[in-house]
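In: I'll drop the sequence and a predicted model, then ask my questions.
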Amino acid sequence: AMEARRRFRMAVCMVRAQRRFRLSGRPAACSTFAKTQSGCVDQSNRLVVMTLNFQYFSSYPENADAGQEALRQALCVDDRQTAADVIAVQEGVADIDVLHAVGYDLVICSGKEGKAQSVREMVYSDHAALQACPERLHDRVLCNQLYLRRGSRWGIEESGVEQISSHLELKGGGGRCEGRLAIRSMVWAKLRKPGCDGSVYVMCTHISGGRFEDQYFAQQLAEERRLQPERCVDFFERHRRTQKDTAILVGDFNALEEYASNGPMHGYYTFGVAPSQGVKTDAEHAGLCTPDALEAKFKEYMISPFTALRGKGWTFAYGQEIGITSSFGHLVDHMAMSRPIVVEYCDIKYLTNQKVGNKPKDTEFPLTDHNAVKVAFLL
């Protein structure tokens with residue numbers, strides 16, 4: 001009788017998870033329903049994590065009340081069963097907190113800890129980027145942040161910030177700026193919940209890349225984009241107390257995981273990167289003498305964070321089947337896991353509209369140039 005009840009509980013759990021699991025074609029590590037002695041993973045140990053890039057509030061409504069209401073609806077904060085426990089913010093602004101009013105408390109901010117730079121510095125004083133951003137924000141501090149929902153059953157044991165970027169000097173030329181590589185940091189929080197076996201480290205970062213730094217891929221940045229996620233992994237390995245501790249690395253990787261010859265990253269490279277005179281000069285200095293060799297270097301540069309994490313034995317919570325997160329049609333926001341974790345469900349929250357392809361609107365009230373992704377992990 002006990003064995004029959006155990007099998008029944010396991011079957012119920014799997015059916016419920018399968019109904020809510022909205023992904024398809026994921027690797028077994030991401031879609032397996034892990035069993036325990038009681039029959040299946042205890043759903044009371046659900047941890048819901050959201051990644052949210054605020055684009056330094058360039059697209060956020062000037063009307064604070066309207067923005068707050070749109071944010072509340074997008075985050076589903078009134079539904080405690082599905083609201084995120086943790087929100088991992090990239091491109092926030094250190095002295096702007098729009099999440100407190102909708103039920104979230106700031107845990108850690110790279111800007112407040114002195115490991116961040118101003119919007120102006122992060123965009124290398126690019127005139128077009130600054131023109132698209134309200135002038136009052138130009139010298140405000142751009143940061144990564146972690147927030148915890150008030151009333152969450154998860155508690156914070158520790159938190160902190162690590163700089164993960166190197167002290168590189170970018171060599172200009174060909175119309176590019178030059179100087180030190182913009183600072184990249186990783187904010188982290190160690191979470192614990194009564195009844196959960198082990199602690200969970202949620203880490204949030206924004207890896208070097210994007211239209212400014214991509215122009216330097218033939219210099220040292222392919223190696224740099226590999227090193228930054230490796231430093232996040234190394235931090236976790238140094239700080240974990242037991243093998244039962246788990247890490248989830250959340251953030252904007254500035255790239256898709258897959259580079260296809262006819263895919264969006266190839267198109268971006270062909271029209272936005274390869275024609276640069278600075279890129280051509282770097283290619284000559286690096287001995288990349290053919291177009292194929294140069295694009296192969298760009299591919300290595302773009303996918304190096306994924307290569308690094310998979311090389312460390314980490315897996316990803318979702319892939320391109322969930323859709324796109326940037327307003328230019330790319331999936332650039334990701335979640336990596338230190339060990340296989342059951343993903344109960346994964347949702348995209350549409351906070352932006354697409355800027356290319358004359359596509360229909362996804363939202364009538366854009367808040368940023370990224371969509372948010374929310375994932376429920378069963379630990």
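Out: All right, it came through fine.

In: only C-alpha atoms from now on, for both contacts and neighbour counts.
Out: Will do.

In: neighbours around residue 205, how many?
Out: Other residues lying near residue 205 total 30 when counted by other CA atoms under 10 Å.

In: what about stretch 366-379, start to end distance?
Out: End-to-end distance for stretch 366-379, by CA to CA, to the nearest Å: 33 Å.

In: same question, stretch 117-130
Out: 15 Å.

In: what are the buried residues along that stretch?
Out: Within stretch 117-130, the residues that count as buried by 16 or more other CA atoms under 10 Å are 117-124, 130.

In: what about the strands in the stretch 1-150 of the chain?
Out: 46-53, 86-93, 104-109, 117-118, 141-149 (DSSP state E, counting those that start in this stretch).

In: nearest to residue 221, of the ones you listed?
Out: strand 117-118 (19.2 Å; CA to CA).

In: so how far is that closest one off the chain centroid?
Out: Remark: strand 117-118 is offset 19 Å from the chain centroid, using CA atoms, centre = their mean, to the nearest Å.

In: sheet partners, orientation included, of that strand?
Out: According to DSSP bridges, strand 117-118 has the following sheet partners: strand 141-149 (antiparallel).

In: list the contacts for the residue nearest in space to the middle of the chain?
Out: Centroid check for the chain by CA atoms, centre = their mean gives residue 251 as the closest residue, at 1.6 Å. When contacts are counted by CA atoms under 8 Å, 6 or more residues apart in numbering, residue 251 is found next to 51, 88-90, 204-207, 333-335.

In: scan the residues you listed and report the most crowded one.
Out: Neighbour max across these (other CA under 10 Å) = residue 205, 30 neighbours.

In: does that one count as helix, strand or coil?
Out: Secondary structure assignment for residue 205 (DSSP: H, G, I helix; E, B strand; the rest coil): strand.

In: again, but for residue 288
Out: Criterion first, three-state DSSP; result for residue 288: coil.

In: show me the shaky parts of the chain.
Out: Flagging of the chain using pLDDT under 70 yields the residue ranges 1-42.

In: what about the helices in it?
Out: Here the chain has its helices, by DSSP state H, at 2-20, 28-31, 64-75, 119-122, 127-131, 222-239, 264-268, 277-286, 291-311.

In: what about residue 359, distance to residue 206?
Out: 27 Å.

In: no no, residue 43
Out: Separation of residue 43 from residue 206 (CA to CA): 30 Å.

In: swap in residue 298?
Out: 19 Å.

In: just residue 292 next, same as before
Out: Counting by CA to CA - residue 292 and residue 206 are separated by 29 Å.

In: ok, now residue 53?
Out: Distance from residue 53 to residue 206, by CA to CA: 9 Å.

In: then residue 187?
Out: Taken as CA to CA, the span from residue 187 to residue 206 is 10 Å.

In: check residue 312 too.
Out: Taking CA to CA, one finds residue 312 at 19 Å from residue 206.

In: ok, now residue 108?
Out: In this view, residue 108 and residue 206 are 15 Å apart by CA to CA.

In: same question, residue 48
Out: Residue 48 is 20 Å from residue 206, by CA to CA.

In: got it, and residue 271?
Out: According to CA to CA, residue 271 stands 24 Å off from residue 206.

In: try residue 161
Out: 13 Å.

In: need the overlap of contacts for these two.
Out: Counting by CA under 8 Å, 6+ apart, the contacts common to residue 161 and residue 206 are 185-186.

In: residues touching residue 277, list them.
Out: 173-175.

In: which residue is the nearest non-sequential neighbour of residue 362?
Out: For residue 362, ignoring the flanking residues on the chain, the nearest one in space by CA to CA, 6 or more residues apart in numbering is residue 353 at 5.5 Å.

In: typed the wrong thing, it's residue 288
Out: Counting by CA to CA, 6+ apart, the residue nearest residue 288 is residue 294, at 5.5 Å.

In: since we're on the one you found, how many residues are nearby?
Out: Applying other CA under 10 Å, I find that residue 294 has 21 neighbouring residues.

In: one more: the one 4 residues further on?
Out: Residue crowding around residue 298 was assessed by other CA under 10 Å; the count is 25.

In: next, the contact list for it, please.
Out: 217-218, 222, 269.

In: now, those residues that are in strands?
Out: The members of the contacts of residue 298 all map outside strands under DSSP state E.

In: now distance to residue 136 too, for these, in JSON lines please.
Out: Formatted as JSON lines, the contacts of residue 298 follow (distance: CA to CA, whole Å):
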{"residue": "217", "distance to residue 136": "32"}
{"residue": "218", "distance to residue 136": "35"}
{"residue": "222", "distance to residue 136": "34"}
{"residue": "269", "distance to residue 136": "33"}
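
In: dump the residue contacts of the closest residue in space to residue 306 that isn't next to it in sequence.
Out: Closest residue to residue 306 apart from its sequence neighbours, by CA to CA, 6+ apart: residue 257 at 6.2 Å. Contacts for residue 257 (CA under 8 Å, 6+ apart) come out as 303, 306, 319.

In: still on that earlier bit, just send the strands of the stretch 1-150 of the chain back as JSON lines, with distance to residue 80 too.
Out: Output for the strands of the stretch 1-150 of the chain, formatted as JSON lines (distance: least, CA to CA, whole Å):
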{"stretch": "strand 46-53", "distance to residue 80": "10"}
{"stretch": "strand 86-93", "distance to residue 80": "12"}
{"stretch": "strand 104-109", "distance to residue 80": "12"}
{"stretch": "strand 117-118", "distance to residue 80": "35"}
{"stretch": "strand 141-149", "distance to residue 80": "9"}
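
In: right, and those - which one's nearest residue 363?
Out: So among these, strand 46-53 is nearest, using CA to CA, at 15.8 Å.

In: which other helices and strands does that closest one contact?
Out: strand 86-93, strand 246-252, strand 372-378 (3 or more CA pairs under 8 Å, 6 or more residues apart in numbering; DSSP states H and E).

In: which strands border it, and is each parallel or antiparallel?
Out: strand 86-93 (parallel), strand 372-378 (antiparallel).
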